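*Asks:* Compute the structure for the input listed below.
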Amino acid sequence: MPKGKVKDRDGIYQRRDRPGTWWGSWIDASGKRRQRKLQAHTLQQARSLLNAEKARVEKILTLGYAPPSAEMLTTVVNRYLKHQKARLTPAAYVRESGILESHIKPFFGTETKIASVRRADVQRYVTERSGEVSAASVTKELNVLKHLMSLAVEWELIPANPAHGVKAPKAPAGRVRYLQPGELRAVLEACPEWLRPIAVLAVSTGMRRGEILGLRWLDIDMKNSRLLLPQTKNGEGRIVYLNELALQALQSIGTQVHAKPTDRIFQGESVTPENVSLSFLRACRSAEIHDFHFHDLRHTAASWMRMKGADIHTVAVLLGHKDLRMAARYQHLSPAHLSDAVKLLDTAFAKSAEEVAQDGN
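*Replies:* Sure thing, here's the model as predicted:
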């Protein structure tokens, strides 16, 4: 008997950690076991709700598909957000919540049933949003909507995902803007003292702004010249290796008196994401560097790694890219390896080519 279970009654049980609450356990139409809290106050009510679930499973198996649910889209959105909150970083959850509450809910309306959403409706959403925001923003919003509908299918609320197959607008090629060494020196000198180590870490490691500002003392492994990031934008941990420039930046901060291992390295009223970007932009203007933003320090790190011979796979791993296509924007910065690769054919075909040439003479 699973831990916490008191007693099974036809697939109905109570948990020791949740006394007075009835839970149901049954096999759904896909063969998966489902366990869910039942909105029941008595054993009889719990049995009725469980029997209704079992009857719905039988109907699905008989018909071959799940009958559409009568639930409102807004209700499913709330359920989706509750589901995602335990699976996303706080920042990622805020982004998804903002997309759903500010854009998707208002577009489809509060009186729309999830079963009534059609593919044409999703396509109309993409078309209208494309005229208001960037292609990248539309793609993010569409991916959230696709995931929501995919879970609705899994939850047996709708038979098929109406967003499946809807294409997002084609995004322009990724922006690559990087500094020459002399330009970088000028920008760093123009940065206020509190910002300089943050900028140096960004350009020497390729870390994102949020990753740097989220660093804690316990994340630093100076002995092995690395940082241990517990969770990044992609939702996974990552090891960041430190070069001499990055080590100097961290050493310039010094250990704060009475600092706890869980305290953040960069603290103070000035150290906010918005202020970091704004102060860096002002430093660029002071150094007469135009069209350059804090995130471009990440591009600078990647660009110079490529130009110094690092292969594209290594750059992708160091930057924390899950998709190699994200790092492909730096491919053109190291044409030498392409030339060297072609020259390898000289050694492979040299003898055959020489023989052909002699036969021709």
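
*Asks:* Using PDB, write out every CA atom in the helix or strand containing V276.
*Replies:* Using DSSP states H and E, V276 sits in helix 273-286. Output of helix 273-286 as PDB, limited to C-alpha atoms (Å, rounded to 0.1, in the frame of the first residue of the first chain):
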ATOM      1  CA  PRO A 273      18.100  44.100 -14.200                       C
ATOM      2  CA  GLU A 274      16.700  47.400 -15.600                       C
ATOM      3  CA  ASN A 275      19.400  49.600 -14.000                       C
ATOM      4  CA  VAL A 276      22.200  47.300 -15.200                       C
ATOM      5  CA  SER A 277      21.000  47.600 -18.800                       C
ATOM      6  CA  LEU A 278      20.400  51.300 -18.500                       C
ATOM      7  CA  SER A 279      23.700  52.100 -16.800                       C
ATOM      8  CA  PHE A 280      25.600  50.000 -19.400                       C
ATOM      9  CA  LEU A 281      23.800  51.800 -22.200                       C
ATOM     10  CA  ARG A 282      24.900  55.100 -20.800                       C
ATOM     11  CA  ALA A 283      28.500  53.800 -20.500                       C
ATOM     12  CA  CYS A 284      28.400  52.900 -24.200                       C
ATOM     13  CA  ARG A 285      27.200  56.300 -25.200                       C
ATOM     14  CA  SER A 286      30.000  57.900 -23.100                       C
END
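
*Asks:* For the next helix or strand along the chain from that helix, which residues meet the burial criterion?
*Replies:* Later in the chain than helix 273-286, the nearest helix or strand by DSSP H and E is helix 296-307. By 16 or more other CB atoms under 10 Å, the buried positions in helix 296-307 come out as 296-306. In short, each C-beta sits where N, CA and C put it, glycine included.

*Asks:* Distance check, T139 against D121.
*Replies:* Separation of T139 from D121 (CB to CB, to the nearest Å): 18 Å.

*Asks:* returning to that earlier point: by how many degrees do the helix holding V276 and helix 296-307 diverge?
*Replies:* 70 degrees (axes from the mean of the first three to the mean of the last three CA atoms, to 10 degrees).

*Asks:* Who are the packing partners of helix 273-286?
*Replies:* Using 3 or more CB pairs under 8 Å, 6 or more residues apart in numbering; DSSP states H and E, the elements in contact with helix 273-286 are helix 181-190, helix 196-205, helix 209-213.

*Asks:* neighbouring contacts of it?
*Replies:* Contacts with helix 273-286, where a contact means CB atoms under 8 Å, 6 or more residues apart in numbering, come from 187, 190-192, 195, 198-199, 209-210, 213, 270, 290, 292-294.

*Asks:* Closest one of the residues you listed to S150?
*Replies:* Nearest to S150 among the contacts of helix 273-286 is G210, at 27.0 Å by CB to CB.

*Asks:* okay but that closest one is in contact with A91, surely?
*Replies:* Yes. At 6.6 Å, G210 and A91 qualify as touching, with contact defined as CB atoms under 8 Å.

*Asks:* Would you mark the buried spots in the helix holding V276?
*Replies:* Of the residues in helix 273-286, 276, 279-280, 283-284 count as buried by neighbour count, 16+ other CB under 10 Å.

*Asks:* shaky segments in the stretch 1-150 of the chain?
*Replies:* When residues are selected by pLDDT under 70, those of the stretch 1-150 of the chain lie in 1-10, 30, 63-69.

*Asks:* One more pass at 90, please.
*Replies:* Flagging of the stretch 1-150 of the chain using pLDDT under 90 yields the residue ranges 1-71, 86-92, 110, 131, 134-136.

*Asks:* Where do the strands of it begin and end?
*Replies:* Secondary structure of the stretch 1-150 of the chain (DSSP state E, counting those that start in this stretch): strands located at 12-15, 18-27, 33-38.

*Asks:* Can you tell me which of those is packed in deepest?
*Replies:* Compared across those, strand 12-15 shows the largest average neighbour count, a mean of 18 (mean count of other CB atoms under 10 Å).

*Asks:* which secondary structure elements does it contact?
*Replies:* Secondary elements touching strand 12-15 (3+ CB pairs under 8 Å, 6+ apart): strand 18-27, helix 43-63.

*Asks:* quick one, the helix holding V276 and helix 196-205 angle?
*Replies:* Helix 273-286 and helix 196-205 meet at an angle of 80 degrees, taking the same axes, to 10 degrees as the criterion.

*Asks:* Let's test this: mean pLDDT of helix 273-286, rounded?
*Replies:* The average pLDDT for helix 273-286 rounds to 95.

*Asks:* where does it sit relative to the chain's centre, distance-wise?
*Replies:* Relative to the chain's own centre, helix 273-286 is displaced by 25 Å; criterion: CA atoms, centre = their mean, to the nearest Å.

*Asks:* what's the domain layout of the chain?
*Replies:* Annotated domains of the chain cover 12-63, 73-154, 181-330 [automatic domain parsing].

*Asks:* Same list, these, but as a markdown table with distance to K170 please.
*Replies:* Shown next, in a markdown table, are the domains of the chain (distance: least, CB to CB, whole Å):
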| stretch | distance to K170 |
| --- | --- |
| domain 12-63 | 35 |
| domain 73-154 | 6 |
| domain 181-330 | 13 |
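
*Asks:* Identify whichever of the ones you listed lies nearest to N161.
*Replies:* domain 73-154 (4.4 Å).

*Asks:* Count the neighbours of G109 for me.
*Replies:* G109: 10 surrounding residues under other CB atoms under 10 Å.
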